[in-house]
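1. mind looking at a prediction? Sequence and model below.
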Amino acid sequence: MTMTALVAPTVADCEASADLASLLVRTTQDDALSVPAEKLRLSCKCAHCTRARFDGRFPDTFPGIAITEIGDLGYGLNIAFSDGHNRGIYPKPYLLSLAGR
């Protein structure tokens, strides 16, 4: 009997779209995915954003938000946004879940 291991896709490469409105993600299985910058900003789980949600101060939308910087931490990305927020770390499995994977 031959057994084949199933390997879950992971993030191979990321970059901001040309208009900075989304994160383009390529997986190890060569899938090309896109996550809107607003969805990323709304999904930030840093302590600051978590506290703002708890206190009812977190916005419902971030219209026109753009990705301004991406730092690769190996296990995830640190993404900075045009509103000045730069605290969020997005583990690669979390990015794939945001992209619908």
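-> Now that the structure is in, tell me what you want to look at. Every value quoted in this text rests on a predicted model; they were computed, and no experiment measured them.

2. where along the protein do the helices fall?
-> Per DSSP state H, the chain has helices spanning 37-42, 47-54, 92-98. These are given in chain order.

3. okay, buried residues for the second one please.
-> In this case it means helix 47-54. Judged by neighbour count (16 or more other C-beta atoms under 10 Å), helix 47-54 contains these buried residues: C49. In short, each C-beta sits where N, CA and C put it, glycine included.

4. cool, the last one as well?
-> Going by neighbour count (16+ other C-beta under 10 Å), the buried part of helix 92-98 is 92, 94-96, 98.

5. just put those residues in a markdown table and tack on distance to G74.
-> Formatted as a markdown table, the entries for those read as follows, by distance: C-beta to C-beta, whole Å:
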| residue | distance to G74 |
| --- | --- |
| K92 | 9 |
| Y94 | 14 |
| L95 | 13 |
| L96 | 16 |
| L98 | 19 |
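
6. between those residues, which sits nearest H48?
-> Using C-beta to C-beta, Y94 is the member of the buried residues of helix 92-98 that lies nearest H48, at 17.1 Å.

7. tell me how far the residue nearest to the closest one when sequence neighbours are not counted lies from P59.
-> Leaving out its chain neighbours, the residue that sits closest to Y94 by C-beta to C-beta, 6 or more residues apart in numbering is G76, at 7.1 Å. With distances taken as C-beta to C-beta, to the nearest Å, G76 is found 23 Å from P59.
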